[in-house]
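pasting the sequence and the predicted coordinates here, then a few questions.
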Amino acid sequence: MKKSLLFCGVAALAFASCTQNEVLDVNENRAIGFDVFVGKPTRTGEVVQASFSKFAVYGSYTTDNLSWTPVYQNVTVNGTNNSNWTPEKQAYWQSGASYSFCAYSNGNDVLADNKVTFDAATTKLSFTNYEAGENDLVVASNSTITSVNPSTQGGVQLSFKHMLSKVKFTFKTDASDNYTMKVNSLKISNAIKTGSCDYTNGTIGDWAGIADGEYIYTVTGLTDFAATSGAPFETVMYLIPQANASLEATISVNVTDGGALDKTKTFNVPLKYTPATVDGKGKANEWTEGYVYNYIATINPDDITSDVKEIEFTTSVDTWTESNDQNWSAN
């Protein structure tokens, strides 16, 4: 079952028209407006309410349901603290016209024109050769608006959905603060990193791509997760939804004690996911868009100094805004 994070919002956007004559003939209350809301803030690259600052919109209208006239194509809209929105182009409601809109935000940024295309007749936004990793990609559409009275037309309601899976790793230990434990590197190999996908009238299609990419997580600046005062270390990326039964994470962990002990061990950890019950929380052996997968590692010094101990997973997932943990421990 696919879940989404609902975004609606009110950002009165005055969109300019294509010709100087039209600008002179219209009243400001005919300007197209948008209602936009996003959820609680978490981290850089994620599209959230407090830090939502940029998105792009596509829109066209028709008067005969045969031909469509574009009013904006990949138009950038900037704002501060999810307000004070300033579009780079204005557009105005046309009396009696029916409209089709799509919008997206790529981690509070806009993609190049050749990466996104819009088909107004089907309200379809197509992403081509999209490279996943650092940014939260969200999309929205609205194809039910007919402008009867442009002077009283309300804002365009947009319900944004996550197109990617949020995959997080958390590291902790039972060791005392006499040890220093750090993650040196973390990567996922042979995965779909660059893919293409259609978002059609509110429905996210299947991602297509070649499974030969490598996701390399950022672990620089990692504090000692064995320190008493330190919190468990977390690192997050936004990955293309895909089968994960054969995927592994390669994790290098170092332990020192300030004396003779200084050892590093590399773990190859399976990332497959098997739901314990049929609860709608994701699919077996597959990352699903809009879900958070939190892989928790409890690593102790013996796990690194031993030549035989490896890490195993027990897993669970939840929706984007709240998540249970996927626990794994060395045994």
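Here it is on my side, so go on.

chain neighbours aside, what residue packs nearest to Asp224?
Spatial nearest neighbour of Asp224, excluding adjacent residues (C-beta to C-beta, 6 or more residues apart in numbering): Thr180 at 4.8 Å. Yep, even glycine has a C-beta here, placed from its N, CA and C like the rest.

surely Ser147 is in contact with Ser95?
Yes. If you go by C-beta atoms under 8 Å, Ser147 and Ser95 touch, sitting 6.2 Å apart.

so which of those two has more stuff around it?
Between Ser147 and Ser95, counted using other C-beta atoms under 10 Å, the more crowded position is Ser147 (19 against 12).

neighbours of the residue found closest to that one once you drop the neighbours it is linked to in the chain, how many?
Nearest non-adjacent residue to Ser147, counting by C-beta to C-beta, 6+ apart: Trp93, 4.2 Å away. Residues within reach of Trp93, counting by other C-beta under 10 Å, total 25.

if Val77 is in a bridge, with which residues?
Here Val77 sits in beta bridges with Phe55, Pro87, going by DSSP bridges.

neighbours around it, how many?
Neighbour tally, Val77, other C-beta under 10 Å: 23.

now the helices for the stretch 201-331 of the chain?
Secondary structure of the stretch 201-331 of the chain (DSSP state H, counting those that start in this stretch): helices at 301-305.

hey, where'd the strands end up in the stretch 1-150 of the chain?
Using DSSP state E, counting those that start in this stretch, the strands of the stretch 1-150 of the chain run over residues 34-35, 54-62, 69-80, 83-87, 98-106, 116-119, 124-131, 137-146.

format the CA atom coordinates belonging to stretch 148-161 as PDB.
Taking Å, rounded to 0.1, in the frame of the first residue of the first chain, the C-alpha atoms of stretch 148-161 are listed here in PDB:
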ATOM      1  CA  VAL A 148     -16.000  29.900 -14.000                       C
ATOM      2  CA  ASN A 149     -15.400  33.300 -12.500                       C
ATOM      3  CA  PRO A 150     -11.700  34.200 -12.600                       C
ATOM      4  CA  SER A 151     -12.200  37.100 -10.100                       C
ATOM      5  CA  THR A 152     -13.300  34.800  -7.300                       C
ATOM      6  CA  GLN A 153     -11.300  31.700  -8.300                       C
ATOM      7  CA  GLY A 154      -9.700  30.000  -5.300                       C
ATOM      8  CA  GLY A 155      -6.200  28.700  -4.900                       C
ATOM      9  CA  VAL A 156      -5.000  25.500  -6.500                       C
ATOM     10  CA  GLN A 157      -5.000  22.700  -3.900                       C
ATOM     11  CA  LEU A 158      -1.900  20.400  -4.100                       C
ATOM     12  CA  SER A 159      -1.400  17.200  -2.300                       C
ATOM     13  CA  PHE A 160       2.300  16.300  -2.500                       C
ATOM     14  CA  LYS A 161       3.600  12.700  -2.400                       C
END
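
flag every buried residue along it.
Pro150, Gln153, Gly155, Val156, Gln157, Leu158, Ser159, Phe160, Lys161 (16 or more other C-beta atoms under 10 Å).

quickly note the distance from the third one to Trp93.
Meaning Gly155. 11 Å (C-beta to C-beta, to the nearest Å).
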